[in-house]
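A.B. asks: quick check, what structure comes out for this input:
(2 chains)
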Amino acid sequence: MHAFRDTLVMAKRSLRHTIRSLDTIITVAITPIALMLLFVYVFGGSFGASSGSVKYIDFITPGIVILCVVSGIAYAALRLNNDMTKGIINRFRTMPVASSSILGGHALSSVLSNLFSVVLVMIVAFLVGFRSDAGITAWLIFTGILVLFTLATTWLAIVFGLLAKSAEGAGAFSYILILLLFISSAFTPTDKMNPVLRAFADHQPMTPIVETMRSLLINGSAGESAWLAVAWCAGLLVASYLLALRIYKNKKGYSVN
Amino acid sequence: MEKRPTAITANELQKSYKKVHVLRDVSFIVEKGTIFALLGANGSGKTTTINILTTLLDADRGTATVNGFDVATQAGEVRNHISLTGQFAAVDDVLTARENLVLIGELRHIKNPAGTAEALLKQFALADAADLRSATFSGGMRRRLDIAMSLIGDPSVIFFDEPTTGLDPQSRNMMWETIRALAKGGTTVFLTTQYLEEADQLADRIAILNQGRIAVEGTPQDLKKLLPNGKIELRFHSQKQLDDAARLLEKYSPLRDDDVRSLTIETDGTLAQVARLFSQIQAANIETTEFSQKLPTLDDVFLKIINENEENT
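C.D. replies: Residues are numbered from 1 along each chain as shown, chains lettered A, B, ... in the order given. Here you go, the predicted model:
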């Protein structure tokens, strides 16, 4: 039970850091919102034709939400990296606090602050015409997958935060995720891509995740990619979690020598 | 002397980074409720030793225990008994002083984190700044907060890594008082320092670390016997007075420097000898422009120990 309580205490600390730099949450929400407006009002016409019977804003909203998360988790990497390069980490390491609590606190607060950013993005999406007929169950499953995805990518962020030599480097990995997102079915169906790109897009994790979320919002059901989406997220979560703990334990105490 | 129970043992610790041997052979025993100072120059391996004892670093060879628990295999138990105050204040800059204290109180699972925080804020003269972010604090305030955080949960063994480096004299005195009070209350204190005076002021036992080995260990009294004697430097107005003084004090075999017209004389450190010296100079009507006393430095001690080691082998 101590480990759970300690994780909450560490999450409270990390949330205080987040709240005291509120601009980071806003920044995290603003880029996806700007892209959403750009897609809908500028490119909407040409892209829109390809989304078939579905309204373009409804088509891209899940992708925009994922974009919000993958840029938001970079701050978890940044905050952890900040801790690791300062004396405070030696205090935590010489106290009877589990490594999983020290890292888990960052993970928990990252999930919460990212959900907040996602809510901001969803509000703007509604304002520009996003509508969903999904029932309570579909929304709950949508939220569940969103939380699982955020948790998994946050732990990946923690791995990079531990490995990065500087705070600047810690957030850079999220560009890889953003690139993956753009080479998926998030903003345009994959059948319009060239064969090589399409083969890649159809078999990388972002596509089933985006499609499941889209299916939940548009059809009210998870669709056929759901299990694949959950498997990708769960796999990434377990692998990143174990890797992060391993790297953390092998990392030596912060020292000037 | 009565034998007290053991708080810390280090047994033939060795540590290398790549090909640099930081610790070659470090062994010592620290008794419960005493202050132990590890004295050494920069790069002598002090921080590495403290990192091994506080479970931050694994030794390549050798063992160490704190309160009977092995630092390598029972790190969790060791962490229940210790706290570390490192060279750099380990405070969270974004949090306020109070939040920092409550955070540690909650992680240590003490009964009343808020009440303990309040008491410590008063004790360390931080009550007025309690709800300000610690990023705004002066160096001395950060250090005080840092120590206050280390005391939460009443750890029985506290490690201080160069606790007074970079502190102003007032903060340094406060730090010394805190350390003395801790030991009086039964806490074992392990500190590292590069200042001979600090070790002498605080420690029950001192170990001198030189190039990864304990060169000598003992009480301050033991070590003082090893100290080279003090020196006195006298300066004179004119070359003639320098010549006269050199003749007069010939039996002390002074070291003469014609450039600054000075004589340096080794003394046994007693007032009587210094007084005799001055009365002789005065009686001969020689005027000194300046005189200064040179206390032995850590370098002098090292040189002496190293020389003695060489003579013995």
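
A.B. asks: before we move on, which element is the residue lying closest to B:A75 once chain neighbours are set aside in?
C.D. replies: Distances taken as Cβ to Cβ, 6 or more residues apart in numbering or on different chains place B:T55 nearest to B:A75, at 4.2 Å, with adjacent residues excluded. The way it works is simple: take the backbone N, C-alpha and C, and place the C-beta from them, glycine included. Following DSSP states H and E, there is no helix or strand that holds B:T55.

A.B. asks: which bits of the stretch 51-200 of chain B sit near chain A?
C.D. replies: B:51, B:54-57, B:76, B:79-80, B:82-84, B:86-92, B:94-95, B:99, B:103-104, B:106-109, B:149-150 (Cβ under 8 Å from any Cβ of the partner chain).

A.B. asks: in strands, which of those appear?
C.D. replies: Among those, the members found in strands (DSSP state E) are B:82-84.

A.B. asks: go ahead and flag the most central residue of chain A.
C.D. replies: A:V69 (3.2 Å; Cα atoms, centre = their mean).

A.B. asks: for B:S44, what are its contacts?
C.D. replies: B:209-212 (Cβ atoms under 8 Å, 6 or more residues apart in numbering or on different chains).

A.B. asks: repeat that for A:S110.
C.D. replies: A:S110 sits in contact with A:14, A:72-73, A:75-76, A:150, A:154, A:157, where contact means Cβ under 8 Å, 6+ apart.

A.B. asks: cutoff 7 Å now
C.D. replies: Applying Cβ atoms under 7 Å, 6 or more residues apart in numbering or on different chains, one finds that A:S110 lies in contact with A:73, A:76, A:154.

A.B. asks: next one: B:G45
C.D. replies: B:22-23, B:209, B:212.

A.B. asks: turn these into a markdown table, columns for secondary structure, distance to chain A and neighbour count.
C.D. replies: Formatted as a markdown table, those follow (DSSP: H, G, I helix; E, B strand; the rest coil; distance: Cβ to the nearest Cβ, whole Å; neighbours: other Cβ atoms under 10 Å in any protein chain shown):
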| residue | secondary structure | distance to chain A | neighbour count |
| --- | --- | --- | --- |
| B:V22 | strand | 8 | 22 |
| B:L23 | strand | 12 | 26 |
| B:L209 | strand | 13 | 23 |
| B:G212 | coil | 12 | 22 |
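
A.B. asks: who does the helix or strand hosting A:L35 touch, helix- and strand-wise?
C.D. replies: Assessed by DSSP H and E, A:L35 sits inside helix A:22-37. When contacts are defined as 3 or more Cβ pairs under 7 Å, 6 or more residues apart in numbering or on different chains; DSSP states H and E, helix A:22-37 sits against helix A:56-72, helix A:99-127.

A.B. asks: quick one: the shortest one to helix A:22-37, angle?
C.D. replies: Yep, that's helix A:56-72 we're talking about. For helix A:56-72 against helix A:22-37, the angle by axes from the mean of the first three to the mean of the last three Cα atoms, to 10 degrees is 150 degrees.

A.B. asks: what about the helix or strand that comes right after helix A:56-72 and chain B, touching?
C.D. replies: Toward the C-terminal end, the helix or strand that comes next after helix A:56-72 (DSSP H and E) is helix A:74-84. No. Residues of helix A:74-84 are not located near chain B by Cβ under 7 Å from any Cβ of the partner chain, the shortest gap being 8.8 Å.

A.B. asks: who's in contact with the helix or strand following helix A:74-84?
C.D. replies: Where DSSP H and E defines the elements, the next helix or strand beyond helix A:74-84 is helix A:88-93. The contact list for helix A:88-93, computed with Cβ under 7 Å, 6+ apart, reads A:83, A:102, A:253-254, B:56, B:84, B:86, B:90-92.
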